[in-house]
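Participant: Quick one, what's the 3D model for this:
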Amino acid sequence: MSYIIAIDQGTTSSRAIVFDHAGNIVSVGQKEHEQILPKAGWVEHDAAEIWTNVREVVGQALSRANLTRHDIDSVGITNQRETAVVWDRNTGEPVYNAIVWQDTRTQGIVDELAADGGTDRYKDRVGLPLATYFSGTKIKWILDNVDGARERAEAGDLMFGTTDSWVLWNLTGGTNGGVHATDVTNASRTLFMNLDSLTWNEEILADFGVPVSMMPEIRSSSEVYGHVAGSQLLREVPVAGILGDQQAATFGQAAFNQGEAKNTYGTGCFLIFNTGEEIVHSENGLLTTVAYKLGENKTVYALEGSIAVAGSLVQWFRDQLGIIASAPEIEELAQKVEDNGGVYIVPAFSGLFAPHWRPEARGAIVGLTRFANKNHMARAALEATAFQTREVLDAVNSDAGVPLTELRVDGGMVANDALMQFQSDILGVPVVRPKITETTALGAAYAAGLATGFWNDLGELTAKWAEDKRWEPTMDVAERERQMRLWRKAVARTLDWVDEDVK
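Facilitator: Just a heads-up that it's a prediction; the model follows:
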């Protein structure tokens, strides 16, 4: 058995990627799922469609590599982390669409809970502020708003999971003995897990009105949870690794040591800084989260800066504005101009995440003159991701006390040379892309392979990491700080937009 398959259940698509022992990609299957947008601020997925797509992409990946289940050592799972699925344990049917991490409908629940103790009410225990981003408020919304859901939950008939749990439960049998579990990284994104003991906090669950019986068992990130069941293509293959997508990317980047960091440029943008076995509480708007836990080994923690909109701003240019027909076109437009022409785009479509945590903010395009054209707009869209990353990295440097000397990057947007050069310029440090940029799926594969002995240890995985390209900063300090000053002015224009009359 020479291969591992990673299931990457992401925000816009589900993928299955087969890796060999060297960590190289052998084959890929991928299928997008519908983005359901019923109202402003509401973002949903059809969990049944996601499970159908997962099975299909597994078949694609196996057939394209001419492999069968007998060639596969184990399965790793990585996933969009805070997206909440609630389903019936007896029928296997979701009671409502999955509510996506980007969804902001639960701001009223956040305000209600924050009335007693503020948004940091639970932060010392779970590492997170009260925010619409996390799973907890989404579960409460479903129980409060779906007819009969609360009664069914209190009767023990409903189950909750982020999409890793949903995929795992279905893979391992569903209503016929499916394993209801999650790993520590996903559990740390719910608002419900004690960071120190890695257990569900029953007091917080009670405050939200969420029965403990709904919650999956919390397990490590690397162990055999169960085996693929029934007549599925991977039947009898062990499922042995689970990591939330950003932690998986950190693992795939081999950032195993305290002080190492990576930034993933996907739908959103997520910087994770490894703090080792120490729980570090941020004073600068970052999240405290679990980086990984390998079997019985000690837990490794991290600080995270979460940016809601990165690649999805490019999608907005394509799908909502029609300025481009495909995502790569935005780089072509951006390279037609020397600078942004004074235009700044702050994509606060769901409010501002780290380090601001301002849910009432909304997107803004500022600095417009008649000189500005679509090329300047395209450049400003790319630069928005780099500016937001600089804000997060400044917060990391303040919390960690040790300046980051280089940034490892991954995700779909790192193929964009113009963006990566500007990122290095605005940070003032080198930006480094690895040879294998599919680090999210690779991290899940690594976690599974460590559990089964396919790979021996972290040292072996570290040796596999290889640099592909490095960007060095070329912008002088004065220009860098001028750009950041203008960016901060632009951010200020987005604040306090939503009030009682504006939603």
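Participant: Just confirm residue 248 is within a helix.
Facilitator: Yes. Under DSSP: H, G, I helix; E, B strand; the rest coil, residue 248 falls within a helix.
Participant: Does the nearest residue to residue 285 once chain neighbours are set aside belong to a helix, a strand or coil?
Facilitator: Among residues not flanking residue 285 along the chain, residue 355 sits closest, at 3.0 Å (Cβ to Cβ, 6 or more residues apart in numbering). Backbone N, C-alpha and C define where each C-beta goes, glycine included. When the structure is reduced to helix, strand and coil (three-state DSSP), residue 355 reads as coil.
Participant: How about the contacts made by residue 355?
Facilitator: Contact partners of residue 355, counting by Cβ atoms under 8 Å, 6 or more residues apart in numbering, are 284, 285, 286, 305, 391, 392, 394, 395.
Participant: same question, residue 354
Facilitator: Taking Cβ under 8 Å, 6+ apart, we find residue 354 in contact with 285, 286, 287, 304, 305, 306, 307, 391, 392, 395.
Participant: what is the residue nearest to the third one when sequence neighbours are not counted paired to in the beta sheet?
Facilitator: Closest residue to residue 287 in three dimensions, ignoring its sequence neighbours and counting by Cβ to Cβ, 6+ apart: residue 304, at 4.5 Å. Using DSSP bridges, the bridge partners assigned to residue 304 are residue 272, residue 287.
Participant: Residue 304 and residue 270 touch, don't they?
Facilitator: Yes. Applying Cβ atoms under 8 Å, one finds residue 304 in contact with residue 270, separated by 6.4 Å.
Participant: which one of these two has more residues nearby?
Facilitator: Neighbours were tallied for residue 304 and for residue 270 using other Cβ atoms under 10 Å; the higher tally belongs to residue 270 (29 against 25).
Participant: Can you give the distance from the helix or strand hosting the more buried one to the centre of its chain?
Facilitator: Mapping residue 270 onto the secondary structure by DSSP states H and E places it in strand 269-276. In terms of Cα atoms, centre = their mean, to the nearest Å, the gap separating the centre of strand 269-276 from the centre of its chain is 12 Å.
Participant: So which elements touch that strand?
Facilitator: Contacting strand 269-276 under the criterion 3 or more Cβ pairs under 8 Å, 6 or more residues apart in numbering; DSSP states H and E are the following elements: helix 245-252, strand 261-265, strand 287-292, strand 300-307, helix 374-400.
Participant: Tell me which of these sits nearest to residue 128.
Facilitator: With respect to residue 128, and counting by Cβ to Cβ, the nearest of the helices and strands packed on strand 269-276 is strand 287-292 at 5.6 Å.
Participant: Just give me how far that closest one sits from the chain centre.
Facilitator: The chain centroid and the centroid of strand 287-292 are separated by 12 Å, computed with Cα atoms, centre = their mean.
Participant: before we move on, what about stretch 422-438?
Facilitator: Between the centre of stretch 422-438 and the centre of its chain there are 19 Å (Cα atoms, centre = their mean).
Participant: repeat for stretch 374-387
Facilitator: Between the mean C-alpha location of stretch 374-387 and the chain-wide mean there is a distance of 22 Å, by Cα atoms, centre = their mean.
Participant: got the CA positions of it in PDB?
Facilitator: What follows is stretch 374-387 as a C-alpha-only set of coordinates in PDB (Å, rounded to 0.1, in the frame of the first residue of the first chain):
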ATOM      1  CA  LYS A 374     -10.400  48.600 -13.800                       C
ATOM      2  CA  ASN A 375      -6.700  47.900 -13.800                       C
ATOM      3  CA  HIS A 376      -6.200  50.000 -10.700                       C
ATOM      4  CA  MET A 377      -9.300  48.300  -9.200                       C
ATOM      5  CA  ALA A 378      -7.800  44.900  -9.900                       C
ATOM      6  CA  ARG A 379      -4.500  45.900  -8.300                       C
ATOM      7  CA  ALA A 380      -6.200  47.200  -5.300                       C
ATOM      8  CA  ALA A 381      -8.100  44.000  -4.900                       C
ATOM      9  CA  LEU A 382      -4.900  42.000  -4.800                       C
ATOM     10  CA  GLU A 383      -3.200  44.400  -2.500                       C
ATOM     11  CA  ALA A 384      -6.100  44.200   0.000                       C
ATOM     12  CA  THR A 385      -5.000  40.700   0.900                       C
ATOM     13  CA  ALA A 386      -1.400  41.800   1.400                       C
ATOM     14  CA  PHE A 387      -2.500  44.800   3.600                       C
END
